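> Give me the fold of what follows.
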Amino acid sequence: MSEARGGNKTKIVKKCITRLFKNCRHPKFTFGILRLLIPEADKERGNYGLKEKALARLICVSLSLDKGAFDRLYHYKNPNYHEPGHGIGDFSICVEDVTKHYFKPTSTLTVNRLNELLDQLADNNIEQKPTFITLINSTNASEFKWIIRIILKDLKLNIKNEVVLSAYHPDAVEFNMLNPNLE
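Residues are numbered from 1 along each chain as shown. Alright, predicted model coming up:
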């Protein structure tokens, strides 16, 4: 989808979201999906206190990665730490490349469980490592890449929140302006 441009990308997103919510408009389901699709608009979940370098440390500790893997994650923008074409500059792709051998090929994670785990990560009173290990054990490498993007609150889709909200409901954008809580 990242190859689609402008209006075409908007049409694709609207079509996907319309199809996603076509058969289920239950508030708990829609809230769970919307907070994953537009994480920067989710006011209910606090900040994780995790940016790229802190995530690199947490991933390495959680997976017991060696110094070389840590350096690739910590210096994800520096081409001196990477082979050409291996996740340089995009932290989530770098994470996927470095950690792909540590994940199962299938996932057992549900949307509700993912949101519970992300809420735990955002809770400053809970140690993050056990929650992170649960995430790792419940996902495949591709899903984990997207979870990293959710944590960083940048899905790298270049889609405005208004597009997602208007695809969900024609009045959702206006409602969200009056009540900036996704729920």
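> okay, CA-based contacts and neighbour counts for the rest of this
Will do.
> which one is the residue positioned nearest the centre of the chain nearest to, not counting chain neighbours?
Closest to where the C-alpha atoms of the chain average out (C-alpha atoms, centre = their mean) is residue 150, at 2.3 Å. Nearest non-adjacent residue to residue 150, counting by C-alpha to C-alpha, 6 or more residues apart in numbering: residue 39, 6.0 Å away.
> The one you found reaches residue 153, doesn't it?
Yes: at 5.2 Å, residue 39 counts as touching residue 153 under the criterion of C-alpha atoms under 8 Å.
> Just the element for the residue nearest to the centre of the chain, please.
Taking DSSP states H and E as the definition, residue 150 sits inside helix 141-151.
> which other residues reach that helix?
Counting contacts by C-alpha atoms under 8 Å, 6 or more residues apart in numbering, the residues outside helix 141-151 that touch it are 36, 39, 48, 50, 92-93, 95-96, 99-100, 103-105, 118, 135-136, 155-156.
> Quick one: classify residue 156 as helix, strand or coil.
State at residue 156, reduced to three classes by DSSP: H, G, I helix; E, B strand; the rest coil: coil.
> Next one: the closest residue in space to it that isn't next to it in sequence from residue 87, what distance?
Spatial nearest neighbour of residue 156, excluding adjacent residues (C-alpha to C-alpha, 6+ apart): residue 149 at 7.6 Å. Separation of residue 149 from residue 87 (C-alpha to C-alpha, to the nearest Å): 14 Å.
> do the same with residue 122
Distance, residue 122 to residue 87, using C-alpha to C-alpha: 26 Å.
> Against which helices or strands is the lengthiest helix in the chain packed?
When the chain is scanned for its longest helix (criterion: DSSP state H), the result is helix 6-21. Packing partners of helix 6-21 (3 or more C-alpha pairs under 8 Å, 6 or more residues apart in numbering; DSSP states H and E): helix 161-168.
> and with 10 Å instead?
When contacts are defined as 3 or more C-alpha pairs under 10 Å, 6 or more residues apart in numbering; DSSP states H and E, helix 6-21 packs onto helix 27-37, helix 161-168.
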